[in-house]
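Colleague: Sequence plus predicted model, see below.
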Amino acid sequence: MTPAPQLELTGVSLALPSTAGPVHILEGADLTVQSGGRVAVVGPSGSGKSSLIAVAAGLERPTSGQVRLFGQDLSLLDEDGRARLRRGRVALVFQNFHLLPNMTAEENVAAPMEIAGRKTAIETARAWLDRVGLSARRDHYPHQLSGGEQQRTALARALAVGPELLFADEPTGNLDQATAAQVADLMLTLIADSGAALVLVTHDPALAARLDRRVRVAGGRLHAA
């Protein structure tokens, strides 16, 4: 029996209110991501790429259409139910790192595991910081880390929970070209090792070309790229 897709969007539309009336962000978007699949989402700024991630991860409810995550119809779950479904199975990495400023690198990586009640959170956090080359920086706070180090910390935090699906929204967008290339190489290596599926929003055509499949957001719809 063929396993159900990890992510399936069918006819998804998203309209957000504004003073001038609804703004249509997505219209009839379809996307399927199989276990271990790696999909790049490309398109111009403001085309709805980040909104697509938010809807796919259950952070934003679509106006219409269906989103199925691990075979579960998200429309049947409330906010707490969606959070329980994501816990330990879905991870997100953002352009702006989103590290907690009052926590060290080690504490940032350990935090999601501690929330999930994992007794080995600190040991696992240290192991992952070692994997991203930051063992010597584990006691440093975000403001003491470079942009590349902050994003490597965020990547370690995302993957330490052992997710089945990683959403990455412009993870190299705030980095210089050389650092972005290093972080991209590390991310793709770690993803390949983990076997997790990846949905990656990027403006970088060279990075997008390294994934298995590319889709373009245009006019609120998804097209093969």
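Modeller: That came through, no problem.
Colleague: Name the nearest residue to residue 212, sequence neighbours excluded.
Modeller: When the adjacent residues along the chain are set aside, residue 212 lies closest to residue 38, with 4.6 Å between them (Cβ to Cβ, 6 or more residues apart in numbering). C-betas here are computed from N, CA, C, even on glycine.
Colleague: thought the one you found was touching residue 197?
Modeller: Yes: with contact defined as Cβ atoms under 8 Å, residue 38 counts as touching residue 197 (7.0 Å).
Colleague: So if I had to pick from these two, which one is more boxed in?
Modeller: For residue 38 versus residue 197, the count of surrounding residues by other Cβ atoms under 10 Å is larger for residue 197: 23 against 19.
Colleague: What's opposite the most centrally placed residue in the chain in the beta bridge?
Modeller: Nearest to the mean C-alpha position of the chain, by Cα atoms, centre = their mean, lies residue 167 at 1.8 Å. With DSSP bridges as the criterion, residue 167 is bridged to residue 92, residue 199.
Colleague: how far away is it from residue 6?
Modeller: 11 Å (Cβ to Cβ, to the nearest Å).
Colleague: now residue 130, what's its secondary structure?
Modeller: Following DSSP: H, G, I helix; E, B strand; the rest coil, the label given to residue 130 is helix.
Colleague: Relative to residue 27, how far out is it?
Modeller: The value you get for residue 130 to residue 27, if Cβ to Cβ is used, is 45 Å.
Colleague: between these two, who's got more neighbours?
Modeller: Under the criterion of other Cβ under 10 Å, the comparison of residue 130 against residue 27 puts residue 27 first, with 18 against 13.
Colleague: what about residue 18, which SS state?
Modeller: coil.
Colleague: And the pLDDT at it?
Modeller: Turning to residue 18, the model gives it a pLDDT of 85.
Colleague: Can you report how many residues lie near it?
Modeller: Residues near residue 18, counting by other Cβ under 10 Å, number 8.
Colleague: Quick check on it: phi, psi?
Modeller: Main-chain torsions, residue 18, degrees, to the nearest 10: phi -150, psi 170.
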